[in-house]
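Visitor: Here's a sequence, model it:
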Amino acid sequence: MALPELLDMLKAGVHFGHQSSRWHPKMAPYIYGVRGGVHVMDLEKTREQIAKTTSYVEALVARGGSVMFVGTKRQAQDIVAKYALSCGMPYVNTRWLGGTFTNFPQISKLIKTYLELKDKTEKGELKKYTKLEQLQFARQIVELEEKIGGISTMMRLPEVVFMFDARHDKTAVREALAMKVKIIAICDTNVNPVGIDYVIPANDDAVGSLDMIAHCIADAVNAGKAKGIASRAAAAAVLARPSAEEDVKVAAKDQEAVEDMDDAMKEKLVAEAQDKK
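Guide: Numbers count the residues shown, from 1 in each chain. Model (predicted):
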């Protein structure tokens, strides 16, 4: 997959950090310098980190892994939903529900309830209830949609979570660390990157920056899915083919059948073959 060009990253504002007085020292390796009292990212290193991260995501998804997109601050919400849906991955873009990772069995029950109510609504099975009860069911569906709508396809914990702002969604980061879920995060100059497995140094406030990086991750997911499908198809083809040992056995049986023929039958087969010519 193609990586963003440096000029495109400049136009998207990926390089802008925070004021130099608000920086976190552990982000120093990713900072190019200071301009007008504002830290500037080293875009070469940002590009390297995007390449490293997307390679990991592609390989992970090809093996059947999943990535959860998480970004609850206002400017990230639409981008999170857009790119998570584009690659068929779970997402949280409104409020992180406490226990999403650390109490996943309970979250699974909520998901089951939500899916059952939606299914019954679509099939018209709730019409047998009173209008008041139907209204209560409708409100419950809306409430569950807001809480877990984006993760309703998640039957198990994801292998990795992609954070749009690790400082803003610190509860999600803590739960991921507690459950040993790997973390990919867009890290601005004021973020502590300790504990984050794949750091993408970039502006985590500008819509253009968030959109560009989310696009890269979603493309990596889709590339991984395509690779996984191709690998499984190739494996199925190999399994469907007779093994070399079976081929040898079949050839041996054919040879035995020829040797068992009497001379008259052999002469007949030879004559038929000559006639065809």
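Visitor: count of neighbours near the closest residue to Met41 other than its chain neighbours?
Guide: Of all residues not flanking Met41 in the chain, His15 sits nearest, at 4.5 Å (C-beta to C-beta, 6 or more residues apart in numbering). Glycine gets a C-beta too; all of them are placed from N, C-alpha and C. Residues lying near His15 (other C-beta atoms under 10 Å) number 22.
Visitor: and if you look at Gly149?
Guide: As a burial measure, Gly149 scores 20 neighbours (other C-beta under 10 Å).
Visitor: how far away is it from Ile184?
Guide: In this view, Gly149 and Ile184 are 22 Å apart by C-beta to C-beta, to the nearest Å.
Visitor: Do you have the helices of the stretch 101-250 of the chain handy? List them.
Guide: All helices of the stretch 101-250 of the chain, identified by DSSP state H, counting those that start in this stretch, fall at 104-123, 131-148, 170-178, 207-240, 244-260.
Visitor: Return the most buried member of the ones you listed.
Guide: helix 170-178 (a mean of 18; mean count of other C-beta atoms under 10 Å).
Visitor: sorry, back to before: which of the helices of the stretch 101-250 of the chain sits closest to Trp96?
Guide: With C-beta to C-beta, the closest approach to Trp96 among the helices of the stretch 101-250 of the chain belongs to helix 170-178: 4.8 Å.
Visitor: Send over that closest one as CSV, restricted to the C-alpha atoms.
Guide: Provided in CSV are the C-alpha atoms of helix 170-178 (Å, rounded to 0.1, in the frame of the first residue of the first chain):
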residue,chain,number,x,y,z
LYS,A,170,-6.8,7.2,28.8
THR,A,171,-9.4,4.8,30.3
ALA,A,172,-9.3,2.8,27.1
VAL,A,173,-5.5,2.8,27.2
ARG,A,174,-5.5,1.5,30.8
GLU,A,175,-7.9,-1.3,30.0
ALA,A,176,-5.9,-2.3,26.9
LEU,A,177,-2.8,-2.5,29.0
ALA,A,178,-4.6,-4.5,31.7
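Visitor: pLDDT weak spots in the stretch 1-150 of the chain?
Guide: 1 (pLDDT under 70).
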